[in-house]
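Trainee: Pasted the sequence and its predicted model underneath.
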Amino acid sequence: MSITPWNQMPQQNEERTTALWMKEAQKGYIRVGVLILLNKRSTHGYEIMKEIRSRTKGFWTPTAGGVYPILRDLEEAKYIEGQWSTLTKRKTKVYKITDTGRQILKSTLIKQGEIANNINQMFQEFATDVLNVQTRKIPTPIMPSPFTPFLEEKLEDDEMSVAKRRKRLLLSIDMLQKELKSLDKKQEKVRTKRQ
(Lines give C-alpha, C1' and ligand atoms only; values in the text may rest on other atoms or scores of the structure.)
Protein backbone atom coordinates (compact mmCIF):
# COMPACT_ATOMS: atom_id res chain seq x y z
CA MET A 1 0.00 0.00 0.00
CA SER A 2 1.47 3.36 -0.99
CA ILE A 3 0.99 6.53 1.00
CA THR A 4 0.28 9.78 -0.82
CA PRO A 5 2.77 12.51 0.18
CA TRP A 6 1.15 15.44 2.02
CA ASN A 7 1.92 17.83 -0.84
CA GLN A 8 0.09 15.60 -3.34
CA MET A 9 -3.06 15.07 -1.27
CA PRO A 10 -6.29 16.39 -2.68
CA GLN A 11 -7.40 19.71 -1.15
CA GLN A 12 -10.22 18.04 0.82
CA ASN A 13 -7.80 15.68 2.57
CA GLU A 14 -5.51 18.57 3.49
CA GLU A 15 -8.40 20.49 5.02
CA ARG A 16 -9.66 17.40 6.89
CA THR A 17 -6.18 16.60 8.22
CA THR A 18 -5.63 20.21 9.29
CA ALA A 19 -9.02 20.26 11.04
CA LEU A 20 -8.19 17.03 12.92
CA TRP A 21 -4.79 18.36 13.99
CA MET A 22 -6.32 21.62 15.21
CA LYS A 23 -8.99 19.70 17.14
CA GLU A 24 -6.32 17.65 18.92
CA ALA A 25 -4.31 20.77 19.78
CA GLN A 26 -7.44 22.50 21.11
CA LYS A 27 -8.12 19.66 23.57
CA GLY A 28 -4.79 20.28 25.30
CA TYR A 29 -5.18 24.04 25.15
CA ILE A 30 -8.69 23.91 26.61
CA ARG A 31 -7.33 21.96 29.59
CA VAL A 32 -4.87 24.79 30.30
CA GLY A 33 -7.51 27.42 29.50
CA VAL A 34 -9.78 25.86 32.15
CA LEU A 35 -7.00 26.16 34.75
CA ILE A 36 -6.34 29.78 33.76
CA LEU A 37 -10.03 30.65 34.13
CA LEU A 38 -10.31 28.85 37.47
CA ASN A 39 -7.17 30.65 38.65
CA LYS A 40 -9.19 33.88 38.31
CA ARG A 41 -12.38 32.68 40.02
CA SER A 42 -14.36 29.59 40.94
CA THR A 43 -17.13 28.70 38.52
CA HIS A 44 -19.14 25.86 36.99
CA GLY A 45 -18.67 23.95 33.73
CA TYR A 46 -21.29 25.77 31.65
CA GLU A 47 -19.76 29.15 32.55
CA ILE A 48 -16.31 27.83 31.58
CA MET A 49 -17.65 26.80 28.15
CA LYS A 50 -19.29 30.21 27.71
CA GLU A 51 -16.14 32.05 28.78
CA ILE A 52 -13.88 30.08 26.42
CA ARG A 53 -16.24 30.67 23.50
CA SER A 54 -16.49 34.38 24.37
CA ARG A 55 -12.79 35.02 24.91
CA THR A 56 -11.77 33.24 21.72
CA LYS A 57 -14.53 35.00 19.76
CA GLY A 58 -16.02 31.63 18.82
CA PHE A 59 -12.78 30.09 17.53
CA TRP A 60 -13.03 27.50 20.29
CA THR A 61 -16.56 26.34 20.99
CA PRO A 62 -16.19 23.65 23.64
CA THR A 63 -19.09 21.32 24.30
CA ALA A 64 -20.23 19.64 27.50
CA GLY A 65 -18.86 16.38 26.08
CA GLY A 66 -15.45 18.02 25.79
CA VAL A 67 -15.28 20.15 28.94
CA TYR A 68 -16.80 17.91 31.61
CA PRO A 69 -14.37 15.01 31.03
CA ILE A 70 -11.52 17.55 31.30
CA LEU A 71 -12.98 18.87 34.57
CA ARG A 72 -13.33 15.30 35.88
CA ASP A 73 -9.70 14.49 34.93
CA LEU A 74 -8.38 17.71 36.50
CA GLU A 75 -10.37 16.96 39.66
CA GLU A 76 -9.08 13.38 39.86
CA ALA A 77 -5.52 14.72 39.47
CA LYS A 78 -6.22 17.13 42.36
CA TYR A 79 -5.53 20.22 40.19
CA ILE A 80 -9.05 21.47 40.85
CA GLU A 81 -11.77 20.61 43.34
CA GLY A 82 -15.47 20.70 42.81
CA GLN A 83 -18.26 21.31 45.29
CA TRP A 84 -21.98 20.93 44.67
CA SER A 85 -23.96 24.13 45.04
CA THR A 86 -27.70 24.76 45.17
CA LEU A 87 -27.66 28.55 44.84
CA THR A 88 -29.99 28.28 41.89
CA LYS A 89 -32.93 25.89 41.43
CA ARG A 90 -30.55 23.47 39.73
CA LYS A 91 -27.78 21.64 41.48
CA THR A 92 -24.44 22.69 39.92
CA LYS A 93 -20.86 21.77 40.65
CA VAL A 94 -18.59 24.77 41.21
CA TYR A 95 -14.89 24.21 40.58
CA LYS A 96 -11.87 25.98 42.03
CA ILE A 97 -8.16 25.59 41.35
CA THR A 98 -5.93 24.02 44.00
CA ASP A 99 -2.39 25.02 44.97
CA THR A 100 -1.12 22.01 42.99
CA GLY A 101 -3.18 23.21 40.01
CA ARG A 102 -1.58 26.65 40.25
CA GLN A 103 1.90 25.13 40.21
CA ILE A 104 1.04 22.97 37.20
CA LEU A 105 -0.44 26.01 35.45
CA LYS A 106 2.64 28.13 36.09
CA SER A 107 4.97 25.39 34.81
CA THR A 108 2.77 24.86 31.76
CA LEU A 109 2.77 28.54 30.82
CA ILE A 110 6.56 28.70 31.13
CA LYS A 111 6.89 25.59 28.97
CA GLN A 112 4.39 27.05 26.45
CA GLY A 113 6.74 30.02 25.95
CA GLU A 114 9.57 27.63 25.12
CA ILE A 115 7.35 25.63 22.77
CA ALA A 116 6.19 28.81 20.99
CA ASN A 117 9.82 29.78 20.49
CA ASN A 118 10.71 26.38 19.03
CA ILE A 119 7.64 26.26 16.78
CA ASN A 120 8.48 29.76 15.52
CA GLN A 121 11.98 28.59 14.60
CA MET A 122 10.59 25.54 12.77
CA PHE A 123 8.11 27.71 10.81
CA GLN A 124 10.93 30.03 9.80
CA GLU A 125 13.07 27.08 8.67
CA PHE A 126 10.15 25.69 6.67
CA ALA A 127 9.50 29.05 5.05
CA THR A 128 13.17 29.37 4.10
CA ASP A 129 13.94 25.77 3.09
CA VAL A 130 10.69 24.66 1.50
CA LEU A 131 8.92 27.82 0.39
CA ASN A 132 12.11 29.77 -0.45
CA VAL A 133 10.86 32.73 1.55
CA GLN A 134 13.37 34.75 3.52
CA THR A 135 11.98 35.48 6.96
CA ARG A 136 13.16 37.57 9.82
CA LYS A 137 13.26 36.03 13.24
CA ILE A 138 10.23 37.07 15.24
CA PRO A 139 10.96 37.14 18.98
CA THR A 140 8.56 35.20 21.19
CA PRO A 141 6.75 38.19 22.77
CA ILE A 142 5.42 39.15 19.34
CA MET A 143 4.18 35.64 18.55
CA PRO A 144 0.60 35.08 19.68
CA SER A 145 -0.03 32.42 22.26
CA PRO A 146 -3.09 30.19 22.29
CA PHE A 147 -3.52 31.29 25.90
CA THR A 148 -3.54 35.04 25.21
CA PRO A 149 -7.35 35.31 25.44
CA PHE A 150 -7.26 33.81 28.92
CA LEU A 151 -4.38 35.85 30.32
CA GLU A 152 -5.84 39.17 31.41
CA GLU A 153 -3.60 39.14 34.41
CA LYS A 154 -0.29 37.42 34.87
CA LEU A 155 0.47 34.69 37.35
CA GLU A 156 3.09 35.43 40.00
CA ASP A 157 6.43 36.28 38.43
CA ASP A 158 9.80 35.32 39.78
CA GLU A 159 12.89 37.45 39.18
CA MET A 160 14.30 35.07 36.57
CA SER A 161 11.21 34.93 34.35
CA VAL A 162 10.78 38.72 34.52
CA ALA A 163 14.42 39.24 33.48
CA LYS A 164 14.03 36.73 30.64
CA ARG A 165 10.84 38.40 29.35
CA ARG A 166 12.49 41.82 29.63
CA LYS A 167 15.46 40.66 27.56
CA ARG A 168 13.16 39.20 24.88
CA LEU A 169 11.13 42.40 24.80
CA LEU A 170 14.27 44.52 24.38
CA LEU A 171 15.32 42.26 21.47
CA SER A 172 11.85 42.70 19.95
CA ILE A 173 12.07 46.48 20.28
CA ASP A 174 15.52 46.49 18.68
CA MET A 175 14.30 44.31 15.78
CA LEU A 176 11.24 46.51 15.25
CA GLN A 177 13.33 49.70 15.32
CA LYS A 178 15.66 48.27 12.65
CA GLU A 179 12.67 47.22 10.55
CA LEU A 180 11.17 50.70 10.91
CA LYS A 181 14.41 52.36 9.78
CA SER A 182 14.56 50.02 6.79
CA LEU A 183 10.98 50.86 5.83
CA ASP A 184 11.65 54.57 6.25
CA LYS A 185 14.58 54.29 3.80
CA LYS A 186 12.43 52.37 1.29
CA GLN A 187 9.65 54.92 1.63
CA GLU A 188 12.10 57.76 1.01
CA LYS A 189 13.41 56.00 -2.14
CA VAL A 190 9.85 55.66 -3.44
CA ARG A 191 9.16 59.35 -2.79
CA THR A 192 12.40 60.36 -4.51
CA LYS A 193 11.53 58.29 -7.60
CA ARG A 194 8.10 59.94 -7.87
CA GLN A 195 9.55 63.44 -7.87
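Mentor: All right, it came through fine. Here the structure is a predicted model, which is why all the values come from computation and not from measurement.

Trainee: And the helix or strand encompassing K167, how far out from the chain middle?
Mentor: K167 is part of helix 159-194, with elements assigned from DSSP states H and E. How far helix 159-194 lies from its chain's middle: 24 Å, per CA atoms, centre = their mean, to the nearest Å.

Trainee: Can we start the residue count at 668 from this point?
Mentor: Renumbered: residue one is now 668, and that last one reads helix 826-861.

Trainee: Now it: average pLDDT?
Mentor: For helix 826-861, the mean per-residue pLDDT is 78.

Trainee: Also stretch 683-691?
Mentor: 80.

Trainee: how about it: buried residues?
Mentor: Along stretch 683-691, no position meets the burial threshold by neighbour count (16 or more other CB atoms under 10 Å). In this view, the C-beta of every residue, glycine as well, is placed from N, C-alpha and C.

Trainee: separation between T753 and M716?
Mentor: Separation of T753 from M716 (CB to CB, to the nearest Å) stands at 21 Å.

Trainee: can you map out the helices along the chain?
Mentor: 678-707, 712-722, 731-743, 766-796, 826-861 (DSSP state H).

Trainee: circling back to that earlier point, if you count surrounding residues, which of T753 and M716 has more?
Mentor: Legend: neighbour count by other CB atoms under 10 Å for T753 and M716, higher for M716 (20 against 8).

Trainee: pretty sure that one is touching A731, no?
Mentor: Yes. Using CB atoms under 8 Å, M716 is in contact with A731, at 7.0 Å.

Trainee: any residues in contact with both of those two?
Mentor: Both M716 and A731 lack any common contact, where contact means CB atoms under 8 Å, 6 or more residues apart in numbering.

Trainee: Kindly report the domain assignment for this structure.
Mentor: The record's domain parsing of the chain by automatic domain parsing lists 681-823, 824-862.

Trainee: Many thanks, we can stop here.
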